[in-house]
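>>> 3D model of this:
(2 chains)
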Amino acid sequence: MSKQKPELLQGNEAIARGALAAGCRFFAGYPITPASEISEILGRRLPARGAAFIQMEDEIASLGACIGASLAGAKAMTATSGPGFSLMQENLGWACITETPLVLVNVMRAGPSTGMPTNPAQGDVQQARWGTHGDHPAIVLCPASVAQCFELTVRAFNLAERLRTPVIVLADEVVAHLREKVSLPAEDELEIIERRKPSVPPDWYVPFKTDGGLIPHLADLGDGYRYHVTGLVHDERGFPTRRPDEVEPFFRRLFGKIRRNFGELEQVLPMALDDAEVVLIAYGCTARAAQAAVRQARAAGMKLGLLQIVGLWPFPRRAVEKAVLGRRAVLVPELNMGQLSREVKRVAAGRARVVHHGRMDGQVITPDEILNRIREFF
Amino acid sequence: MPPVSRGVVHGWLRHDKKFPHVWCPGCGLGVLLGSLVRAMITLGLDKNNVALVAGIGCTGRLPVYVDVGSVHATHGRALTFATGVKLAKPELAVITVMGDGDATAIGGNHLIHAARRNMDLTAIIVNNQNYGMTGGQYSPTTPLGARASTATYGNIEPPLDISALCMAAGAGFVARSTVYHVTQLDDLLAQAISHRGFGVVEVLSPCHTNFGRQNKLGSQIDMMRAFKEQAVRVERWAKLDGARRAGRFPIGVLARRDEDTTYLEAYGAMVERAMAQGREGQS
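Okay, the predicted model is just below:
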């Protein structure tokens, strides 16, 4: 894949560039640090492309507008931080049940409520999975570098369009504000996926019926396919239903389309894992510290490895299980009280020693800190 | 306006599976449904070029009956969904239908800002003075002293004047009518939909099942009769002194500013400036 000339880019800038590269034609947002740069950049670049940008009155409105734009056929994105993410949860649930493709970027910051703006934290891991109400699958991607901010934003749009679902890019303050030299792939070299639109005449269109692929074709509002979209549980024609023989298959399909694609969604980056005696499992900015710790540990003769989690939800249980079994210990460093480590413990199911290493003071976890902690296992 | 035949209205409804509707017998929402369809037909709209967006509650169920692109959004957020639809596809006529609780309580902020932007949308706000679907709790438009399931001792909150709020916030077209004044309602809806910017129609509608029952207002017929007696055409209203206005309200076009720039016009101009500056390649 050919690359463009190297640039010094910030994570948020790379997310905005990724959105443009993926074909984003609509952005609605409400300012909140540490996500504001995404709005600022797209507020410049989308109008210059003749596309839509709007700063809405709040985060609820922002996601609502993205949903409307997506139903009208535009690839849509919003960006926020934890408190705004909380406000978006009801509409996120609506997007899940209506299978509306869109991308939601959450740049995490420290603490519940206003917390410590804008110190780093990784406290929205479980909110990203379970924040909205009811049962629903979730796709959440976690960038750890500026290059990944670009790559995962493009991937988020592609997954959203292909699987007809909202996709969350879960970044953190450090990654979002990090500046790195990166060579982005040329836009014409990227694989860009468009949603599948119905090819049948409008009279034949059954909006939530699938052809066996579990993903119904999505007609844009105004394209002659006059159908109904509701947040109520609906039948194949999109009309509300409470018939058990329609409700149950609906939810099974909603989960099934994610489950069937699990192999592709399970995205991890192993580092020095093969002979590792102790394994780190990390994501986002903490994965960067973990990478450095692995290099330093190896130089000192300690067999330390890392499993970086990129696709956070659905949880990459197969990769995690493989990474933890038979090791002396597994350390999960993260900027919270144990939101990921409990998931690792669930997968390990008592078959491996899983230790959580959290930090909650608004500071990052350093490589030295990880090295000091792992010495107790060697 | 020439009358629209029943057969033509029939062609704009979703008969397959969707009828009978969910509303109580005598509810004004059926009247509004007919009125809205007649307005769209009178304007010569193409069914394929309409998006009907509603929130939650009795009124929120209206779009499902109309054979256009229809969206049953989250409570209070119809205007936000509609804003996205309109910006992504400006050629569509985007019409929102909300109840008083939907539009002015949970969605009050969105209403203010859609009006302030003069967003190119139509907002039909059905005012039945309470939360009907959830059992008749008080809403922002429940009259002072009226009873509701959450106002057993009488409502102590002064009611909100929806039309006045929309006018103050900057809506380019604001009108009010009732489901009793059907001919006028047809006309006002058509005017609001054809208005370039943000067009609002406040529609008073009886909720005899909850509001009427709790306040001993009689049957739906009695409540309709009250609308007939209390509503005064805005031209006449201007000539009434304070004493004769008591207990009555004006109906008709309350505000109309055709010269205001709409959001889409302003956005289009901005796109031209942005493209002229050639900033596309810069981050």
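
>>> nearest residue to residue 240 other than its sequence neighbours?
Going with chain A. Leaving out its chain neighbours, the residue that sits closest to A:Pro240 by Cβ to Cβ, 6 or more residues apart in numbering or on different chains is A:Leu232, at 4.0 Å. In short, each C-beta sits where N, CA and C put it, glycine included.

>>> that's the wrong chain, I wanted chain B
The spatially closest residue to B:Leu240, leaving aside those adjacent along the chain, is B:Val232, at 6.8 Å (Cβ to Cβ, 6+ apart).

>>> in the sheet, who's paired with the one you found?
B:Pro250 (DSSP bridges).

>>> how much space separates it from B:Glu202?
Distance of B:Val232 to B:Glu202, given as Cβ to Cβ, to the nearest Å: 15 Å.

>>> repeat for A:Ala147
Distance, A:Ala147 to B:Glu202, by Cβ to Cβ: 53 Å.

>>> more neighbours, B:Val232 and B:Glu202?
B:Glu202 (28 against 18; other Cβ atoms under 10 Å in any protein chain shown).

>>> quick one: that one is in a strand?
Yes: looking at B:Glu202 with DSSP: H, G, I helix; E, B strand; the rest coil, it is inside a strand.

>>> quick one: name the residues of the stretch 1-150 of chain B near chain A.
B:14, B:17-18, B:47-49, B:51, B:53, B:63-64, B:67-74, B:77, B:80-89, B:91-92, B:109-110, B:112-113 (Cβ under 8 Å from any Cβ of the partner chain).

>>> related to what we said a few turns ago, what's the burial count for the residue nearest to A:Pro240?
Neighbourhood size, A:Leu232 [other Cβ under 10 Å]: 17.

>>> any idea which element it lies in?
Assessed by DSSP states H and E, A:Leu232 sits outside every helix and strand.

>>> against A:Pro34, how distant is it?
Taking Cβ to Cβ, one finds A:Leu232 at 36 Å from A:Pro34.

>>> mind showing which ranges of the stretch 51-200 of chain B have poor pLDDT?
Along the stretch 51-200 of chain B, no part satisfies pLDDT under 70.

>>> for chain A, same thing?
A:1-2.

>>> identify the spatial nearest neighbour of A:Val125, chain neighbours not counted.
Spatial nearest neighbour of A:Val125, excluding adjacent residues (Cβ to Cβ, 6+ apart): A:Gln339 at 3.9 Å.

>>> which parts of the chain are helices?
All of this refers to chain A. A:11-22, A:36-48, A:59-71, A:82-98, A:125-130, A:146-163, A:173-177, A:244-260, A:262-265, A:284-299, A:317-324, A:341-348, A:367-374 (DSSP state H).

>>> let's do chain B instead
Going by DSSP H, chain B shows helices at B:6-10, B:29-42, B:78-88, B:100-101, B:108-117, B:162-169, B:182-194, B:213-214, B:220-230, B:234-237, B:242-245, B:263-277.

>>> out of the ones you listed, flag the one nearest A:Ile258.
Closest to A:Ile258 of those is helix B:78-88 (Cβ to Cβ; 24.5 Å).

>>> relative orientation of the closest one and helix B:263-277 in degrees?
Orientation of helix B:78-88 against helix B:263-277 (axes from the mean of the first three to the mean of the last three Cα atoms, to 10 degrees) gives an angle of 40 degrees.

>>> what residues of helix B:78-88 count as buried?
B:78-88 (16 or more other Cβ atoms under 10 Å in any protein chain shown).

>>> and it, C-alpha only, in CSV?
Once non-C-alpha atoms are left out, helix B:78-88 reads as follows in CSV (Å, rounded to 0.1, in the frame of the first residue of the first chain):
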residue,chain,number,x,y,z
ALA,B,78,-37.6,14.2,16.6
LEU,B,79,-36.2,17.6,15.6
THR,B,80,-32.6,16.4,16.0
PHE,B,81,-33.2,13.3,13.8
ALA,B,82,-35.0,15.6,11.3
THR,B,83,-32.1,18.0,11.3
GLY,B,84,-29.8,15.3,10.2
VAL,B,85,-32.2,14.0,7.5
LYS,B,86,-32.6,17.5,6.1
LEU,B,87,-28.9,18.4,6.1
ALA,B,88,-28.1,15.1,4.4
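
>>> by contact count, what packs against that helix?
For helix B:78-88, the packing partners by 3 or more Cβ pairs under 8 Å, 6 or more residues apart in numbering or on different chains; DSSP states H and E come out as strand A:26-29, strand A:52-55, helix A:59-71, strand B:50-54, strand B:69-72, strand B:93-99, helix B:108-117, helix B:263-277.

>>> who does the second one pair up with?
Taking DSSP bridges as the criterion, strand A:52-55 pairs within the sheet with strand A:26-29 (parallel).

>>> next: the fourth one.
According to DSSP bridges, the neighbouring strands of strand B:50-54, each with its direction, are strand B:69-72 (parallel), strand B:93-99 (parallel).

>>> dump the ones you listed into a markdown table; add mean neighbour count as well.
Output for the strands paired with strand B:50-54, formatted as a markdown table (neighbours: other Cβ atoms under 10 Å in any protein chain shown):
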| stretch | mean neighbour count |
| --- | --- |
| strand B:69-72 | 28 |
| strand B:93-99 | 29 |
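
>>> out of the ones you listed, nearest to A:Ile365?
strand B:69-72 (44.5 Å).

>>> from the chain's centroid, how far away is the closest one?
Centroid separation for strand B:69-72 versus its chain: 15 Å, with Cα atoms, centre = their mean, to the nearest Å.

>>> neighbours of B:Asp153, how many?
For the record, residue B:153 is Tyr, not Asp. 7.

>>> same question, B:Ala238
For B:Ala238, the tally of surrounding residues (other Cβ under 10 Å) stands at 9.

>>> around the nearest residue to A:Val146 once chain neighbours are set aside, how many other residues sit close by?
Closest residue in space to A:Val146, ignoring its immediate chain neighbours: A:Glu180 at 4.1 Å, by Cβ to Cβ, 6+ apart. Per other Cβ under 10 Å, the neighbour tally for A:Glu180 reads 16.

>>> try A:Glu376
Residues contacting A:Glu376 under the criterion other Cβ under 10 Å number 10.

>>> hang on, B:Ser139 packs against B:Ala103?
No: if you go by Cβ atoms under 8 Å, B:Ser139 and B:Ala103 don't touch, sitting 9.9 Å apart.

>>> between the two, tell me which one has more neighbours.
Taking other Cβ under 10 Å, B:Ser139 and B:Ala103 do not tie; B:Ala103 has more neighbours (33 against 27).

>>> bridging residues for the closest residue in space to that one that isn't next to it in sequence?
Spatial nearest neighbour of B:Ala103, excluding adjacent residues (Cβ to Cβ, 6+ apart): B:Ile125 at 4.6 Å. With DSSP bridges as the criterion, B:Ile125 is bridged to B:Met98, B:Glu202.

>>> list the contacts of B:Ile125.
B:Ile125 makes contact with B:98-100, B:103-104, B:111, B:162, B:200-203 under the criterion Cβ atoms under 8 Å, 6 or more residues apart in numbering or on different chains.

>>> quick one: which of those is nearest to A:Arg253?
Nearest member of the contacts of B:Ile125 to A:Arg253, counting by Cβ to Cβ, is B:Met98, at 31.1 Å.

>>> still on that earlier bit, can you say which of the helices of chain B is packed in most?
Highest mean neighbour count of these: helix B:78-88, a mean of 31 (counted as mean count of other Cβ atoms under 10 Å in any protein chain shown).

>>> chain center to that one: distance?
Distance, stretch centre to chain centre, for helix B:78-88: 16 Å (Cα atoms, centre = their mean).

>>> now the residue of the stretch 101-250 of chain B found nearest chain A. Nearest residue, chain neighbours left out?
Residue nearest to chain A within the stretch 101-250 of chain B: B:His113 (4.2 Å; Cβ to the nearest Cβ). Closest residue to B:His113 apart from its sequence neighbours, by Cβ to Cβ, 6+ apart: A:Glu57 at 4.2 Å.
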